[in-house]
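Chemist: Whatever this is, show me its structure:
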Amino acid sequence: MLRLLAAAPDGLGVADLGNALGLAKTTVHGILRTLHQVGFVEQDHSGAHYHLSDAFGRLGESYLDPNELRSRAINWADSLASRSGEVVRVGRLVEGKVVVVHHVFRPDDSDQDLDVGTTLPPHACALGKAVLAFDTSGAARPRKLEAFTTRTIVDPTRLAEELASVRAREWAAEFEEHTVELAGIAAPIRGLGGLVVGAVGLTGRIERICDSRLRHRPDLVSMVRATAEAIGRDLREDN
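Modeler: As a prediction, the model looks like this:
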């Protein structure tokens, strides 16, 4: 139920949730009442729709220790870097910034700097958009959308449309939005209850991440999504 509500920023009604979950309206209403009592969901002004509360949206920043996220992600992220040949990062949203908690170098002999602990602007990178898309309260969205390149999304309406697309397809993309000549792909990592607690993604030169028509390569998208699901599965099984 929480996962359905996370994917519906405008909220869902009891009938919508019942149909999606195959549950009776009375059962759905009882679950919603409990979630409302603990502060996880709120009703809109009409009382007809429910949506996740701001407090629930902030749980992703606080309930999971970053060291636990990193420890669960290490093997999967290393494998993704090996198979894709690209830089892989795992990040989480903290106070409106993406903090890199794990970084795997591109598997070649080039000089590279370790990014663990650095921050990234969430609106300008795939890692950030993969998390922001599921912050239905909008509380974590940057108030000022700073431009880093000519392709950075700086219009709030356009960013909202981009995040809606991310929610629909369950992965995020970037194309020269933070750094010229680089592209990226990321997917959300879901912990208990479907709560998005971070994201895993890869970045590299456009000619390696995109095809000849400048579309993000489907094989890399599949790799990233499978990695995110594997990390999330480990988190859920161990909690």
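Chemist: for the chain, where's the lowest mean pLDDT among helices and strands?
Modeler: helix 59-62 (a mean of 48; mean pLDDT, DSSP states H and E).
Chemist: check which helix or strand covers Ala187.
Modeler: strand 182-190 (DSSP states H and E).
Chemist: burial of Val221, as a residue count?
Modeler: When neighbours are defined as other C-beta atoms under 10 Å, Val221 has 19 of them. C-betas here are computed from N, CA, C, even on glycine.
Chemist: so it makes contact with Gly184?
Modeler: No: in this structure, Val221 is not within contact of Gly184 by C-beta atoms under 8 Å, at 11.1 Å.
Chemist: Which residue ranges of the protein form strands?
Modeler: 41-43, 50-52, 87-94, 97-104, 119-120, 172-175, 182-190, 196-205 (DSSP state E).
Chemist: Rebuild the ones you listed as CSV, extending it with mean pLDDT.
Modeler: Shown next, in CSV, are the strands of the chain (pLDDT from 0 to 100):
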stretch, mean pLDDT
strand 41-43, 80
strand 50-52, 75
strand 87-94, 93
strand 97-104, 92
strand 119-120, 93
strand 172-175, 98
strand 182-190, 97
strand 196-205, 95
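Chemist: Deepest-packed of these, please.
Modeler: Compared across the strands of the chain, strand 182-190 shows the largest average neighbour count, a mean of 27 (mean count of other C-beta atoms under 10 Å).
Chemist: what angle separates that strand from strand 196-205?
Modeler: If you take axes from the mean of the first three to the mean of the last three C-alpha atoms, to 10 degrees, strand 182-190 sits at 160 degrees to strand 196-205.
Chemist: Just the C-alpha atoms of strand 182-190, please, in PDB.
Modeler: Extracted C-alpha coordinates of strand 182-190, given in PDB (Å, rounded to 0.1, in the frame of the first residue of the first chain):
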ATOM      1  CA  LEU A 182      28.700  12.600 -19.300                       C
ATOM      2  CA  ALA A 183      25.500  10.700 -19.100                       C
ATOM      3  CA  GLY A 184      24.000   8.500 -16.300                       C
ATOM      4  CA  ILE A 185      21.400   6.000 -15.300                       C
ATOM      5  CA  ALA A 186      20.100   5.300 -11.800                       C
ATOM      6  CA  ALA A 187      17.400   3.400 -10.000                       C
ATOM      7  CA  PRO A 188      15.800   3.700  -6.600                       C
ATOM      8  CA  ILE A 189      16.700   1.300  -3.800                       C
ATOM      9  CA  ARG A 190      13.600   0.300  -1.700                       C
END
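Chemist: Output the contacting helices and strands for that strand.
Modeler: helix 126-132, strand 172-175, strand 196-205, helix 206-209, helix 218-237 (3 or more C-beta pairs under 8 Å, 6 or more residues apart in numbering; DSSP states H and E).
Chemist: how about the ones you listed, which one is nearest Val88?
Modeler: Comparing the helices and strands packed on strand 182-190 against Val88 with C-beta to C-beta, the closest turns out to be strand 196-205 (5.1 Å).
Chemist: how does this structure divide into domains?
Modeler: Per the TED database, the structural domains of the chain span 1-57, 63-235.
Chemist: returning to that earlier point: turn the strands of the chain into TSV, columns for distance to Asp135.
Modeler: Formatted as TSV, those follow (distance: least, C-beta to C-beta, whole Å):
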stretch	distance to Asp135
strand 41-43	15
strand 50-52	9
strand 87-94	7
strand 97-104	12
strand 119-120	16
strand 172-175	13
strand 182-190	11
strand 196-205	8
